[in-house]
Structure formats: C-alpha cells, structure tokens
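Trainee: Got a predicted model here, sequence first, then my questions.
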Amino acid sequence: MVKVEIVEEKDVSGSPYATDDESRISSSESLSSVDSDVSVDETFFDRLVALVDIVPPTTRHSISSRISRTASFFKRGGKIAGNIVWVVTTSALLVALPLALSLEDEAKIVAQEKEMMEQQQGAQQMLAPSGFPTPGSSDQAQKGLVPPGF
C-alpha cells in the first residue's frame, strides 16, 4: 500500500510550483475519497477486455495461436473419428447383417434336417417288430461318420 506524505518546503516563495495550504488539504481529501470506486455494473467480459491493455501483443498473439491450433486439432480429430464411425457402421450394415441373416437361415435348415432325421429314426423303430436292432442300424450309424484312424 502506498503512503502519501506531505513534504514541507523551506523556501516556498521562489518555487513556481508552490501552492497555498488550502489546495494541499483539498488534494489530500480528494485522494482519500478515491478509495475504491469499483463499478458494480462491470461484467466479467468488461474486465477481460480491460486486460488487453495489460497483456503485451506478442503474448496475446501466442495465446490466440495456441487456442486456434488446439481448436483445429480437436476439429480434425472429431472429423476423423466421425469418418471412422461411418465406415464401421456402413460396413456392418452391408457385410455383417446379410452374413448374420444367412447364418441364421442355415442354422434353421440344419435344425429342420436334424428333426427330420429323428422322425425317420422314430418311424423305423416303430415299424421294427422285434426288440433287436436291425442289421442296418448298428452302433456306427448312431455314432455318425468316423474318419479312418480313430
């Protein structure tokens, strides 16, 4: 904090800057009345604009360029990410969806064939008069096809 003192001059009459006592008192009173007259209507933006005078132009330019480069980086990154999402989504719709549908259809066909085979085996067992298995229906038919060597 600054302390203001009034310095008395010894030779006041010869100085062109000499003043009388009333002006000294009024100037000290005016300094004390200045205290802090901060405008209540001042906004944050007004204070930020006032900083333009404090911050040197080179620093302002470097801050501006960094913010601009950062915004450009995020804009480019967002565009690349959007393109990647677009490619993955369209590829999934054009390739994976028809593939999944065909695999589902094939699974239905396999299930129907298995059901038909079970129905045929059930009908053959019903038609067989004896409790003994027929020579054509041996253990290998129930096990399925066995590759050689196993």
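Mentor: Arrived safely.

Trainee: show me the biggest helix of this structure in terms of residues.
Mentor: helix 57-91 (DSSP state H).

Trainee: List the buried residues for that helix?
Mentor: Across helix 57-91, burial judged by 16 or more other C-beta atoms under 10 Å covers no residue at all. Any C-beta I mention is one placed from the backbone N, CA and C, and that applies to glycine too.

Trainee: Low-confidence stretches in the protein?
Mentor: 9-40, 129-144, 150 (pLDDT under 70).

Trainee: can you give me the helices for it?
Mentor: 21-33, 44-50, 57-91, 97-127, 139-143.

Trainee: Can I get the ones you listed in CSV including distance to residue 149?
Mentor: Listed next are these as CSV, based on distance: least, C-beta to C-beta, whole Å:
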stretch, distance to residue 149
helix 21-33, 110
helix 44-50, 84
helix 57-91, 43
helix 97-127, 26
helix 139-143, 15
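
Trainee: Of these, which is nearest residue 3?
Mentor: Nearest to residue 3 among these is helix 21-33 (11.1 Å), distances taken as C-beta to C-beta.

Trainee: Residue 124: neighbouring residues, count only.
Mentor: The number of residues packed near residue 124 is 13, by other C-beta atoms under 10 Å.

Trainee: Who are the contact partners of residue 89?
Mentor: Applying C-beta atoms under 8 Å, 6 or more residues apart in numbering to residue 89 gives no contacts.

Trainee: How much space separates it from residue 78?
Mentor: Residue 89 sits 16 Å away from residue 78, going by C-beta to C-beta, to the nearest Å.

Trainee: Could you do residue 60 as well?
Mentor: For residue 60, the distance to residue 78 equals 27 Å [C-beta to C-beta].

Trainee: What's the separation between residue 99 and residue 89?
Mentor: For residue 99 relative to residue 89 (C-beta to C-beta), the value is 15 Å.
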